[in-house]
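# Kindly generate the corresponding structure for this input.
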Amino acid sequence: MIPESPLLPQGAELRKPPTRTRVYLSLALALAFTLLPWDHDWRWLLPDFTLLLLLYWNIHAPRQAGLGAAFVLGLVTDVAQGLLLGLNALAYCAATFAVLLVRRRLANFSPLLQTPQIAPVLVGKEALVLALGMMIGRGEADWRWLAAGLLGAALWWPLSWAMERLGAHAAPPAPERRA
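Numbers count the residues shown, from 1 in each chain. Alright, predicted model coming up:
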């Protein structure tokens, strides 16, 4: 006789949704890590940790980290890096919008399978910042900055894995059924 078990997890087996405090605290830490005084010669290779974590939360907690959070984080990044006000804000909002459009599909994949789908968004953000910077006369195009998007895509799986492990709630063992 096959024991009856529900198709979906029930009760205590469900994961608790992330709290607003946890989401905003992790975004603040990612922003602080992004804004550390990195060596100028290697800054072009540094992925945008704030955007990576923002996109992670867009997939797993879209009501707590949406377009408003993307805009505010982008403005803070612009001010801290001395860029034209709104450049990163626009790029963060565009990346967030793209991920929110396909959020349900991305949520069904493992972090490893999400990586090739997130890569164009991360490279696109870098390309958008580069193109807008060229349009406003911010110097010559330095295409090396696109490498930051590729490195960010390579870090997507480890970041997602770490976030899931930090937030995973151990499910209690299933009760034994007697036949």
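# First-to-last residue distance for stretch 61-75?
21 Å (Cα to Cα, to the nearest Å).
# That one: how far from the chain's middle?
Chain-centre distance of stretch 61-75: 11 Å, with Cα atoms, centre = their mean, to the nearest Å.
# going forward, begin numbering at 18 instead of 1
Noted, 18 is the first residue going forward, which turns the last one into stretch 78-92.
# Enumerate the positions of it that are buried.
Within stretch 78-92, the residues that qualify as buried by neighbour count (16 or more other Cβ atoms under 10 Å) are 78, 79, 81, 82, 83, 86, 87, 88, 90, 91, 92. Heads up, the C-betas are built off the backbone N, CA and C, glycines and all.
# Find the centremost residue of the protein, please.
The centre of the chain sits closest to residue 72, judged by Cα atoms, centre = their mean, with a distance of 2.6 Å.
# list the contacts for that residue?
By Cβ atoms under 8 Å, 6 or more residues apart in numbering, the residues touching residue 72 are 112, 113, 116, 135, 138, 139.
# Sketch out the low-pLDDT regions of this structure for me.
18-32, 156-158, 185-196 (pLDDT under 70).
# That one: helices as residue ranges?
37-51, 66-77, 84-98, 104-118, 120-124, 128-152, 163-184 (DSSP state H).
# quick one: buried residues of the last one?
This means helix 163-184. Result for helix 163-184 [16+ other Cβ under 10 Å]: buried residues 163, 165, 166, 169, 170, 172, 173, 174, 176, 177, 180, 184.
# What of the longest one?
When neighbours are counted by 16+ other Cβ under 10 Å, the buried residues of helix 128-152 are found to be 128, 131-132, 135-136, 138-147, 149-150.
# distance of the residue nearest to the centre of the chain from residue 161?
Going from residue 72 to residue 161 by Cβ to Cβ, to the nearest Å gives 22 Å.
# ok, now residue 76?
Taking Cβ to Cβ, one finds residue 76 at 28 Å from residue 161.
# Those two - which one has more neighbours?
residue 76 (21 against 12; other Cβ atoms under 10 Å).
# That one is in contact with residue 121, isn't it?
No. Using Cβ atoms under 8 Å as the test, residue 76 is too far from residue 121 to be in contact (9.1 Å).
# Enumerate every residue touching residue 101.
95, 149, 150, 153, 155.
# In contact with residue 133: list those residues for me.
residue 170.
# okay if I get the helices of the chain as TSV plus distance to residue 57?
Converted to TSV, the helices of the chain look like this (distance: least, Cβ to Cβ, whole Å):
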stretch	distance to residue 57
helix 37-51	15
helix 66-77	18
helix 84-98	12
helix 104-118	18
helix 120-124	34
helix 128-152	17
helix 163-184	14
